[in-house]
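Novice: pasting a predicted model and its sequence here:
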Amino acid sequence: MGLTRTLTIETRLDELNRLTEAVENLGEEDNWSPALVGKVNLVLEELAINTINHGHDGGLHDISFTFSSTEDALTIEMVDDGKPFDPLTDAPVPDVNAPMEERPIGGLGVFLVRKLMDELTYRREEGRNHLTLVAYRAE
Amino acid sequence: MNVNVVNVTGNGVMVVAIEGRVDGSTAPRFQRVLGTVADAGTKGLVLDLENLTYISSAALRVLLGLTKSQARKGGMLTVCSVPESLRKVLEVSGFDQIIPVHDSQAEALAACSR
């Protein structure tokens, strides 16, 4: 416990495998519960896909993830130079209680991020999105 | 990711085991394979998720589409044996209220046969 690690990927969908692998390796090294590995994988995949698909008007860009962990929590800072996007305010909230016929297909990714993480903070700084995610180790 | 038809009951309910990861990169194949399977089934589809290790929102999108298409033709989609780590995703997304979740294949089959 107590590690700090940074991973940088390019804005290409085939980089997602590298992200997943890195999360799984870190989880093993840093003793995350399977539930925590699953949550982190899902959340980072959703956020990375958003940035890859919608963050830029073309060209290859970097997305970096800095992981730092303590005994109690894992903190991840995601940084990209894409269009300003605050997942706390810029994404519609789906009605998860709507009946099946009324549920649109899609729009769930960012919602899951908000629900699965224990803390989320966003800031825009020097043309970059900085999203800080915190997941507590205890369920 | 693997999709295997493990059982087809006499009354036309199909049991499909899904293994591995369904994420942004495997979801298109997941959709294709399950779509083909669902077209062949008549009354219902039971997805056994015991050996599914990971689902993202891309997988949920496929499940929602499948639930809708099953409902249109009078069929039913249920899931069973959901690993603890995936239950949370189904819960927070509200999918456990759209798709019936059963503890075992037997329970799911009983529900489809009612």
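Specialist: On my side now, so go ahead. The model shown is predicted, which means the values in this text are computed figures rather than measured ones.

Novice: any buried residues in stretch B:50-67, and which?
Specialist: Across stretch B:50-67, burial judged by 16 or more other CB atoms under 10 Å in any protein chain shown covers B:52-67. Just so you know, the C-beta spots here come from the backbone N, C-alpha and C atoms, and that holds for glycine as well.

Novice: any residue of the particular helix or strand that has A:E45 in it touching chain B?
Specialist: If you go by DSSP states H and E, A:E45 is part of helix A:34-54. Yes: legend: contact between helix A:34-54 and chain B by CB under 8 Å from any CB of the partner chain is shown at A:34-35, A:38-39, A:41-42, A:45-46, A:49.

Novice: thought B:E50 was touching B:S81, still the case?
Specialist: Yes: B:S81 is within contact range of B:E50, at 3.9 Å (criterion: CB atoms under 8 Å).

Novice: find the residue closest to the spatially most central residue of chain B in space, skipping its chain neighbours.
Specialist: In chain B, the centroid-proximal residue (CA atoms, centre = their mean) is B:L47; its distance is 3.4 Å. Excluding the flanking residues, the one nearest B:L47 by CB to CB, 6 or more residues apart in numbering or on different chains is B:V79, at 4.7 Å.

Novice: is that neighbour located within a strand, as I assumed?
Specialist: Yes: under DSSP: H, G, I helix; E, B strand; the rest coil, B:V79 falls within a strand.

Novice: test my guess that it contacts B:A111.
Specialist: No: using CB under 8 Å as the test, B:V79 is too far from B:A111 to be in contact (10.9 Å).
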